[in-house]
Each structure stands twice: as C-alpha cells, then as structure tokens.
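1. Provided below for reference: sequence and predicted model.
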Amino acid sequence: MRKLLHIFVLVCCATLFGQEQEAKYSFQFSEQNIVEVLGILEEQADVVFYYDISWFSGQTFSGTFNNATLSEILEEVFKETTLNFFQYDADKIILTRNNIIYKDLPEGFFGREEVDSLPAVANNIKVTSNPVFSNIEANRGNEISRTVRIGKENLSDNRTTFIISGYAGTVDQNQPISNLSIILNDKNSGTVTNDNGYYQLEVPAGTNIVRTSSLGIEPSTTVIVVYNDGNLNFDLAESVEFLDEVTVEANAAKNVEEAISGSTELVVEETKNIPLVLGERDVLKVATTLPGISTAGEGAAGFNVRGGSTDQNLILLDNAVMYNPSHFFGIFQAINPFTTKDLKVLKGGIPAEYGGRLSSVFDITSKDANTEKIAGEAAIGPVTSNLALEIPVVKGKSGLMLGGRGLYSDGF
C-alpha cells in the first residue's frame, strides 16, 4: 500500500511539472516565406499571429529546430528583421514592427520610485531600458516629407543614443551628394556627407527631426523614430533655377576677320549733314578729312594718302575699277550719292585681293534695292541733279535700283 502511495505522488508531481513546462517543437525550414513559416507554427502550436502581411515583402527563412520552445523559434525567425512579438494570451501572439509592447512600465518611469510595486516585466524579460514612444502626429506638417522608423527595440539594451548611417544621392541618376548638411532637431548638432555621399550620425532614442540642405539640392525634412542602430538613406532632387532666355548679339568675330591696320569705314547716310561746296554731297571729299589723306592740290583731282602719289590709289565701285571718279578738277564727282551705301578706306597693309596697291584702296559699295515697296530719292542742286529709284521685282526676294545724275551745263 505504501508503494502505491509513492507511485501516485510521483505521477502527480510529473504531471504538474509537465503542465508548468513550456511546450517544445521540432521544425526544419528551407528558404520558406516567413508568412508560410508563421502558418506552420499556427497549425502545430495552436496559436494565432496578428500582423500586417506587407511587413515581410517576400522575406524567407531557413533553420532547423530540435525541442525548441515557441519563443526561441520566434526569436530566431525575427532575428534579421525589425519585428518583435508579444504573447497576449496562451493562443494569441501580436507582432509589432520596431517597437515592443510593454505589460508594465519600468520603475521610475514617471520620475518616482514605486516602492511596493513588483519589478516590471514584459514577455518574462526584465526591462532595463525606457520604452521608446513616438509622437508622430504632433510633428506632422506640410514641410515633413516622410516618417521613418529605424532599428529594432531591444529590452536588454540600456543605451539612450544610437548610431544611424546611410547614403545621400540624387533621385534621377543616383549620383552621390557630397557636403550635404544633415541637421538634427533644428540644433547645432549634425553632420555632413563625405565625397562619396556617406554619413554617420549619433541620435537620441525616440522621435527626431532630420533636415537636409545643400547648394543645388532640394531641402528635405524627415521625422525618424529611433529604436536602435540603423540605416537611413536620402534620395533628393536637384534644385534647378529656370531663367528667361538671354540673347547676346555682337560681332565678336569681326575684329578677327578684319584685323587690317589703317582701315576706316564711312556710311553715306551719316555724311548728309556735312556742308560741301555747291550743296553736292561727295563721299570722296569726306574721305579727305580722315588722318593721312589730303587732296592733290588746288585745281587737281586725286588724293595723296600717306605721302603717296595719286596713281598709287585704287578706287573701286562694287569691285569695278574707277579711273576718273571726279570731273572738272575734282569739283564734281561721278558717283551718285543716293545709290551709295558705304565707303571703306584702306590706308595700310592692303590685302592681296586688291592687287597690292602702294598707298590706299577706296572700296565703294552700292545700296541694295528695296524688295518690299517702291521707293525713291531725288535732289536738285545749283549745278547738278540726282535721282534714285528702287522697284521690287519679286516681293521680298529681288528688286531693281535705277539712278541718274545730270549737269545743267554741258560745258563742264
């Protein structure tokens, strides 16, 4: 009878011990989706997981477990993720991202000691750090571009600051952004990116505001909730200032193309107000007022340029040689001033295209005819009269210019 009593006591103790001990399982997973792993655990351990399926985004898990508790299995499954778990009931397990669900707050959390309270525990693990709370809604504003949670909260980590690092690059071409200012919580603390766009920054646990700024880069404001060490990258857009179109008009190559010493250009329209003898407008007479040019003398036609004789000058009208540009001892000219556009005088370094004259070249150019409408000009003088008529032939493309001069007395 005594032996039966001993056996009954041993069986009861073994039953009680088995009930208190947590159940153990054996599994083997090979590159299986974490969602599938959780489904197998739900079926075998008779529990239900509560989570957001988007947290996994195709993550897989591989591992072998022999006589492992459900907590040990979940710790290993979520080791490389930012997920934590909380067993709400015997058959209910809540998954959280980054943060931890606390049953009780740690001692002294509200600034006073809880004398009679029991030690705060969560998931049968002693709380050695303060919980991380985020007040994201209070920090929302139009300037906030995004909110990022960094790291995985760990109950055994009692640090109050963590290290975040990352890379800053452009959105379009992913080029590294160097010397990007990263300011923490609008204070003087922060850092800058190196030449390759990388940075490292120490931040306090909890909610922080990170602002970035750099020349030529759009500024950004990011709310970060820091639970542990982690990574934070910046994809920033370039700041482009669009200016109105600027048109620069200049004869930049003129001095290079016509680098000829002693070259002077006279526009006939600009010589109208120069008084001359008998009211006759004479562009050749105006040329004698230039330095280095003088008349051949009283009662003589021709010019002396820089000491040269009159036969050392070349006078051209539209590339045709004129041997007698004036009449009656140089008093009357043979050129109609109403059909003349301009006069170029070359007094030194004469190009080879002009035949190598010794003293000068007078290159006279006629005006182009008006191709839009009929135009004309006439003048009556004491001894001569001039007429010029411009007639369009094909409007906008070609025209005809007619000019004439007449002397009242045939004796000249």
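-> Happy to help now that I have it.
2. am I right that Val35 is in contact with Asp52?
-> No: in terms of CB atoms under 8 Å, Val35 does not count as a neighbour of Asp52; the distance is 11.0 Å. For every residue, glycine as well, the C-beta is placed using N, CA and C.
3. and these two? Which one has more around it.
-> Summary of the neighbour comparison: Val35 and Asp52, criterion other CB atoms under 10 Å, with Val35 having more neighbours (15 against 9).
4. mind giving me the packing neighbours of the host helix or strand of Thr147?
-> Mapping Thr147 onto the secondary structure by DSSP states H and E places it in strand 146-150. Packed against strand 146-150 by the contact rule (3 or more CB pairs under 8 Å, 6 or more residues apart in numbering; DSSP states H and E) you find strand 217-226.
5. who does the closest residue to Asp363 other than its chain neighbours form a beta bridge with?
-> Of all residues beyond its chain neighbours, the one nearest Asp363 is Lys344 (4.4 Å), with distances taken as CB to CB, 6 or more residues apart in numbering. Each beta-bridge partner of Lys344 is listed here: Glu265, Asp363, as defined by DSSP bridges.
6. give me the neighbour count for Lys344.
-> Neighbourhood size, Lys344 [other CB under 10 Å]: 16.
7. in three-state terms, label Glu42 for me.
-> Here Glu42 takes the helix state, with states given by DSSP: H, G, I helix; E, B strand; the rest coil.
8. is it true that it touches Tyr51?
-> No: Glu42 lies out of contact with Tyr51 (CB under 8 Å); the separation is 11.2 Å.
9. looking at these two, which has the bigger crowd around it?
-> Between Glu42 and Tyr51, Tyr51 has the larger neighbour count (other CB under 10 Å), namely 17 against 14.
10. for the more buried one, what are its contacts?
-> Applying CB atoms under 8 Å, 6 or more residues apart in numbering to Tyr51 gives the contacts 38, 83, 94-95.
11. now swap in Ser360 and tell me
-> Counted by CB under 8 Å, 6+ apart, Ser360 has contacts 293, 303, 305-306, 308, 312-314, 345-347, 350.
12. next one: phi and psi at it?
-> phi -160, psi 170 (degrees, to the nearest 10).
13. which non-adjacent residue is nearest it?
-> For Ser360, ignoring the flanking residues on the chain, the nearest one in space by CB to CB, 6+ apart is Val305 at 3.9 Å.
14. bridging residues for the one you found?
-> Beta bridges link Val305 to Ile293 when assigned by DSSP bridges.
15. helices or strands next to whichever strand or helix holds Val35 in the packing?
-> Val35 is part of helix 34-45, with elements assigned from DSSP H and E. Of the remaining helices and strands, those touching helix 34-45 by 3+ CB pairs under 8 Å, 6+ apart are strand 24-33, strand 48-50, strand 60-69, helix 70-77.
16. for the last one, what does the pLDDT average out to?
-> The pLDDT scores in helix 70-77 average 86.
17. which residues sit against that helix?
-> For helix 70-77, the surrounding residues in contact (CB under 8 Å, 6+ apart) are 22-23, 25, 27, 34, 37, 41, 45, 47, 61, 63, 65, 85, 87, 93, 123.
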